[in-house]
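Novice: dropping the sequence and predicted coords here.
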Amino acid sequence: MESKMIKFTSSCTWLILLFASLVTFSSCEEEYIPDTNAAEQEIVVEGYIEAGEGSLPPYVIITRSIPFISEVNSGEFADLFVRNADVNVSYGNQTVKLTEICLADVPENLKEQVYRFLGLNPDSAAVDICIYADILGQIKREFGQKYDLKIAKGDTVLTASTTIPQFIGLYDFEWQDTPGKPSDTLAELNCKISDPAGENFYRYLTATGKNPRLIPPFTSVTDDAFFDGKDSLLFPLQKAERRGQKFDPETFGYFQREDSVFVKWCTIDKVHFGFWKTRDFAANSGGPFSSYTRIKTNIQGGLGIWGGYAVHTYRLYCPPK
Amino acid sequence: MVSQAIMAQTKHTLSGYVRDKASGETLIGANVFNVSNPGQGTTTNTYGFYSLTLDAGIYNIGVSYLGFENQIIEVNLENNLSKNIEMSEGVIMEEVVISAEKEERRKNVEGTQMGTVELPVENIKKLPAIFGEVDILKAIQLLPGVLSSGEGNAGFYVRGGGPDQNLVLLDEAVVYNSGHMLGFFSVFNADALKNTTLIKGGMPANFGGRLSSVLDIQMKEGNDKNYMVEGGIGVISSRLTVQGPVVKNKSSFIISGRRTYILDLIQPALKGGNFEGTNYYFYDLNTKWNYTFSDKNRLYFSGYFGNDVLKFRQPNRDFKFDLPYGNKTGTLRWNHLFHERMFMNVSLIYNDYKFQFSGGQDDFVFKLFSGVRDWNFKIDFENYPNTNHTIKYGVNYIYHKLTPNTASATTGDTQFNTTFLPKYANEAAVYILDDMKLGQKWALNTGLRISAFQQVGPYTSKLDGKEFGDFEPVKTYTGFEPRFSINYKATNDFSIKSGVAWTNQYLHLVSNSSSTLPADVWVPSTEIVKPQTGVQYALGFFKNFSNDTYETSIEVYYKDLKNQIDYADDYVNDINQEVEDAFVFGKGRAYGAEFFLKKAKGKFNGWIGYTLSRSERSFDKIEGGRWYPAVYDRLHDLSVVVNYKPFKKWDFGAVFIYGSGKLFTPVRGFFFVEQNINLFYGPRNSSRLDAYHRLDLSATYTPRPDSKRKYQGSWTFSVYNTYNRKNPFFVNFDTNTDFQTGTTTIEGTKITIFPLIPSITYNFKWNQK
C-alpha cells in the first residue's frame, strides 16, 4: 500500500511536471557553468553493519567528494579513495580495527567472489575500489546492538553511531497479475508484514536472476506512519529499476515471469532512515519547481552514512502464468 | 454682519455617488473637491460614495477620475445636499481637459496614504499580455516594489515579503490561491473587474491579517441602463460577459465566464489511444447582482467560482486520476447611509479553496485533500464629520477551517487514512482610523487595529496530549497593530510622507518549491506555529511636474519581520507528516528604494519604475542562523510601460522588464553512495541566475472606433519576449555514470521556458443602447 501510495504521489509530482512541460511547450536549454569551481572536498563515508540471514560483513568505503566539474574519469575515481585511514568499530566494550583492502590487490581468480561477497557491481571493474572491512569476522553482529565508528586520517577524525534494530520480517509472498490489462510476461509481487507497535523503519532492495545485483527502488525506505501496529498488512513490493534507465509506466515495478527474484528486506534505525529518505527524495526530485534537498548524514565531520541493517534476503521464483 | 458670520460657520454636507454615465457603474477613488481650494476635497469610497462637508456657500465642485472628462458643477450649499454625479469617458486624455487645471486635487501628493497604487482595469487591458490573456496580477508586477515570482507567473512578492504575505481580496473575499495552471495565469478575469488597488506599505488599519500588501480588487456591478454583451476569443481561452439592468437604474447584474480549451481540441486525437480521456482546462465564473432600494440602502451579492481540472487516463492499465483545485467565494453586502456623513457597510463573506487529488488502479483508490474554508463577517463605518476628518471604524470576525493534506487509500477492504484533522480557528479584529488634515500643510492618518486569533477544538495537543472539544480554545494570540502616516505638503505639487505600520499575520503558506504550487497548504497559527509579525517604516517624496502631466515619487522602506517560517534544507515532502511539524522559525528584514516616474496624461503615457532592494532571512536551524538572501530578493528591478495612441483606430503598448537574476542554491559537488551519484549544495541562495529582461509589444486595432452601431469588434496582436531573450527559468542538473569506462559526467543546464510568443485575440462588444 505504502509503495502504491508512493507511486501515486510520485506520479502526482510527475504529472505536475508533465503539466508544466505542456505549458513550457517550447523550452530550450543552455549549459550552466557555475561561478566557482574551487569548492573544498568533503570526506564521504559509506559504511554498513548488518545482522541476519544473507547479511554482509561490516565494511566502510571512504572517499572524497568531487567538486562540480563536468567529467570524472577512472584515474580520478581511484584518487577519490581515502587510503591508509585508521578505521575502528566499537560496540559494548569491544573495539575492532577494520582492514583496508583494494580490489586491485585481490588475485584475479578471487575477484568475482569478492565482488559477490561485498555486493558490489562487477561492472565497476574499471575503478579500483578500496574498502575497510572486518575480514577476520571479529565483530559480533546482533540485533539491538549499537555500533560506533571512528575514522582517523592524519588530523581528521570522523565519528558516527548506528544501531542494528530488531528484525521484522515478511511472509505470505504471492504473485498477482498486473493491474488493468493483465500481461503474460509480468507479475506484481505482494507480501505481508505484521508491524509491531511503535516507530519502525524499513528498507528493501531487489535483484533478479537476469540482473543479480541488489538495487534499491527509487523510494527505498518507509516508516510505519500509515500502518503502525497493523497485523498482516498486505502490500506490493516493486521491482527496483536502475537509475538513469528510461521510465516505462507499462512495466515499472513489475517482475518478469519465470525469473528468480531476491528481496533483501531490512529494518533500520531512525537516523539511518533519515539518510535514505532525504537521499531518495533528493535523487527523485528535480525540475522547475523543486527546491534543493540537503541529504542528512550521521557522520560527524563528513558526509554519508554509517548504517546498521537487520536483514533477511528472500529467494523467490516468479512462476509462469 | 452677525448673521453673515453665523452663516459662514454653518456647515453643510454635499454627498452622493459618482458613476459612469454610460454604464451606471460607480467609480472608486474619484476626486471630489472645492475648485478654489483643492485641499478641501475627498475621494469616493469602494462603493463610489463621497461626502464633503463645507461651510455654507456657493462652490464650484470639481470631479475628476482618470480616463474620464473632468467636471465642474456649481452647488449652492444652503442645506445638506445629496448629489449623484455622472461622468463621461474622456475621448482622449488630453493634457488640458479642465480649464482650471492647476486647481485640480492631486491625489498622489495630497493623500496620506503611501505605497498605494490604483490601477483601473481598463488601463491594464491596454498592456501587452502573454497569449493575449489580460492579467491583473502580471500588471501589478510592473510597479516598483512588486516582483514576479517567476517567468510568466502571476504570483508576486511585495517589498521583500513572501507570496503568502499578500492579502488578495475579490469583493472583500480572500482568494487563497490566485493562480491557474501552476500560477501562469491569475484567477481574475479582467472583463468582470472594475478596479484594483495595491497597498504595498503602511497598510491602513481597516486591513489586516497579512504583512506585506493588500491587493483589493472590485468586480463590476453591471450596467444598470442597458444590456451589454462582450467577450473575446483568444489563443488559449475565450471569454463572455453579459450585463444589464434587472430594474433600470435600480438593479443590475453581471455574469462573466472564461474557459481554456486548448486540450479539448486534441481530444479526438487521443481517442482509442493510451491516454484517452486525459484533459486539462480551467474556468472562471464571476457574477454580481445588486439592488438599490433607495439612496440610503443598497444590497450586493457577488460570487466567484473557478477551477483547474486535470484528468489523467491510461485506460489500458486501468490507471486514472483527477486533480481539481479551485476557489469559491461569495460576498453579500449591504450599504447603508445613516445620514450624509455616515456610511456603513455590512458584509457576510464565504470562501472556500480546495485542492484534491483522487486516483486509482484496479480496486486501489488514493485520495488527497487540502483546503481552507472561511466564514467572514464585517461591519465597517465611515464617518465624514468635516473636511478635516475621515473616520473609519469597524469589526471583523472570521471562522476558519483549514484542512491540511489528508490522504486516504483503500484496496478492497483495507483502508488507511492519515490521522490529520482539520484545524479550526476564530479570528477577530477591531479598528479605528482617522485620516485628518492639520491646516493646509499637514495631514495625518493614524489608526489602530487590535486583532486576535484563537485556535479552537476539536483538537488534541501535540505538546501534552490534552483533548479539546468543539470550539474550546487551544491557543490564543493577540496583536496590537498601530498604523501612522504623515504627509507634509511643502507646495501644491510636492509632498513628503512618512509612515510606520505594525502588522500581524495568522495564516501562513510555506512553499518548498521555487514557486507556489496549488498543492502548497495554508496553515493556521497553532500551539506550534506562532503568528508572523512585521513592522514597516517608510519615507517618500512625491512631486508632480508640468501641470500634473508627470507624477514622480521616491519611496524608501525598511521592514523587520519576526516568526518567519520556512522548511529546513533537509525537508522531505511527506504525506505522513503535517507540514507544521517540519517548519523552522526565524526572522527577516527587507529594505529598498523605489523610484517611479509616470506620465499620466496624453496620447503617449506610461511609467518607469525602478526598485533597488534587499530581502534577507535568518533561521537558527538553517546554516546556524546565517543571514541569507531570501528567494524574494532581487537587487535591481526595472519596468518601463508605454501606451501610445497615435490614431483613433490604433492603440500601442510596450513593456520592458529588467531584473537581477533569481537566486538559487548551487551544487557544490557530488559524492557516491551505493555507486550512485548524490549532489551536495553550497549555502542557501548563494547563486543567481542570469539577469532577466524582456520586451513585450502589443497593438490593438479597432476598425470602427466612432461607430454608433451596437456591435463593435477589435483585434489585439501581441508579442511576448520580442527579441527572444533566453531567460533562464531554473538550472537543472543531470548526472551520468558509466562504470564500464569509469567516467561520470555532471551537467548543469539552464532551462528557458518562454521564447518569443505571438498571439492574437479578437474582442467584441454588443451594446443595446
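Specialist: Yes, it's here.
Novice: surely A:Asn73 meets B:Thr743?
Specialist: Yes: the pair A:Asn73 and B:Thr743 passes the contact test of CB atoms under 8 Å, sitting 4.9 Å apart. Yep, even glycine has a C-beta here, placed from its N, CA and C like the rest.
Novice: which one of those two is surrounded by more residues?
Specialist: Between A:Asn73 and B:Thr743, counted using other CB atoms under 10 Å in any protein chain shown, B:Thr743 has the larger neighbour count: 18 against 14.
Novice: and that one, what are its bridge partners?
Specialist: Each beta-bridge partner of B:Thr743 is listed here: B:Asp738, as defined by DSSP bridges.
Novice: what about the helix or strand harbouring B:Thr476, average pLDDT?
Specialist: Remark: B:Thr476 resides in strand B:473-491, with elements defined by DSSP states H and E. The pLDDT scores in strand B:473-491 average 94.
Novice: can you give me the buried ones in it?
Specialist: Residues B:474-475, B:477, B:479, B:481, B:483-487, B:489 are the ones in strand B:473-491 that count as buried (16 or more other CB atoms under 10 Å in any protein chain shown).
Novice: next, residue 211: secondary structure please.
Specialist: Unless you meant another one, I'm taking chain A. Per DSSP: H, G, I helix; E, B strand; the rest coil, the local secondary structure of A:Asn211 is coil.
Novice: tell me the contacts of B:Tyr591?
Specialist: Applying CB atoms under 8 Å, 6 or more residues apart in numbering or on different chains, we find B:Tyr591 in contact with B:160, B:556-559, B:613-614.
Novice: drop anything exposed from those residues.
Specialist: Among those, those that count as buried by neighbour count (16+ other CB under 10 Å) are B:160, B:556-559, B:613.
Novice: render the CA-only coordinates of stretch B:121-140 in CSV, please.
Specialist: These are the backbone C-alpha positions of stretch B:121-140, laid out as CSV (Å, rounded to 0.1, in the frame of the first residue of the first chain):
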residue,chain,number,x,y,z
VAL,B,121,-8.8,47.6,-15.2
GLU,B,122,-9.3,49.5,-18.5
ASN,B,123,-5.7,50.6,-18.3
ILE,B,124,-4.4,47.1,-17.6
LYS,B,125,-6.2,45.9,-20.7
LYS,B,126,-4.0,48.1,-22.8
LEU,B,127,-0.8,46.3,-21.8
PRO,B,128,0.7,43.5,-23.8
ALA,B,129,-0.1,40.1,-22.4
ILE,B,130,1.3,36.6,-22.8
PHE,B,131,-1.0,34.5,-25.0
GLY,B,132,-3.2,37.7,-25.1
GLU,B,133,-4.5,36.8,-21.6
VAL,B,134,-5.0,40.1,-19.8
ASP,B,135,-3.8,39.6,-16.3
ILE,B,136,-4.2,42.0,-13.3
LEU,B,137,-1.6,40.2,-11.3
LYS,B,138,1.0,40.5,-14.0
ALA,B,139,0.2,44.1,-14.4
ILE,B,140,0.9,44.9,-10.8
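Novice: show me what from the stretch 201-350 of chain B comes close to chain A.
Specialist: In this structure, the stretch 201-350 of chain B approaches chain A at residues B:263, B:280, B:310, B:312, B:314-319, B:321, B:323, judged by CB under 8 Å from any CB of the partner chain.
Novice: quick check: closest non-adjacent residue to the residue nearest the centre of chain A.
Specialist: Nearest to the mean C-alpha position of chain A, counting by CA atoms, centre = their mean, stands A:Pro216 at 5.2 Å. Take A:Pro216 and drop its neighbours on the chain: the residue closest to it by CB to CB, 6 or more residues apart in numbering or on different chains is A:Leu205, 4.8 Å away.
Novice: in three-state terms, label that neighbour for me.
Specialist: Using three-state DSSP, the secondary structure recorded for A:Leu205 is strand.
Novice: give me every residue that touches it.
Specialist: By CB under 8 Å, 6+ apart, the residues touching A:Leu205 are A:214-217, A:220, A:240, A:263-264, A:266.
Novice: how about B:Pro482?
Specialist: Under the criterion of CB under 8 Å, 6+ apart, the contact list for B:Pro482 reads B:446-449, B:500-502.
Novice: need the pLDDT of residue 118.
Specialist: As the question left the chain open, I've gone with chain A. If you check A:Leu118, the pLDDT there is 59.
Novice: sorry, I should have been clearer: chain B.
Specialist: Here, the pLDDT recorded for B:Glu118 equals 81.
Novice: state the distance from it to A:Asp223.
Specialist: Computed with CB to CB, to the nearest Å, the distance linking B:Glu118 and A:Asp223 is 52 Å.
Novice: and for A:Asp231?
Specialist: The spacing between A:Asp231 and A:Asp223, counted by CB to CB, is 18 Å.
Novice: those two - which one has more neighbours?
Specialist: Using other CB under 10 Å as the criterion, A:Asp231 and A:Asp223 rank with A:Asp223 on top: 19 against 10.
Novice: tell me the SS of B:Asn685?
Specialist: The three-state label for B:Asn685, taken from three-state DSSP, comes out as coil.
Novice: hang on, the earlier thing: of the contacts of B:Tyr591, closest to A:Thr99?
Specialist: When the contacts of B:Tyr591 are ranked by distance to A:Thr99 (CB to CB), B:Arg614 comes first, at 54.9 Å.
Novice: where does residue 282 fall, secondary structure wise?
Specialist: Because you didn't say which chain, this covers chain A. Element membership for A:Ala282, per DSSP H and E: helix A:270-284.
Novice: um, chain B though
Specialist: When elements are defined using DSSP H and E, B:Phe282 is found to belong to strand B:279-294.
Novice: same check, this time on A:Ser260
Specialist: Secondary structure here is read from DSSP H and E; on that basis A:Ser260 sits in strand A:259-268.
Novice: packing partners of that strand?
Specialist: The criterion is 3 or more CB pairs under 8 Å, 6 or more residues apart in numbering or on different chains; DSSP states H and E, and the helices and strands that strand A:259-268 contacts are strand A:186-193, strand A:201-208, strand A:303-318.
Novice: ok, 10 Å please
Specialist: Helices and strands touching strand A:259-268, by 3 or more CB pairs under 10 Å, 6 or more residues apart in numbering or on different chains; DSSP states H and E, are strand A:43-53, strand A:170-177, strand A:186-193, strand A:201-208, strand A:233-237, helix A:270-284, strand A:303-318.
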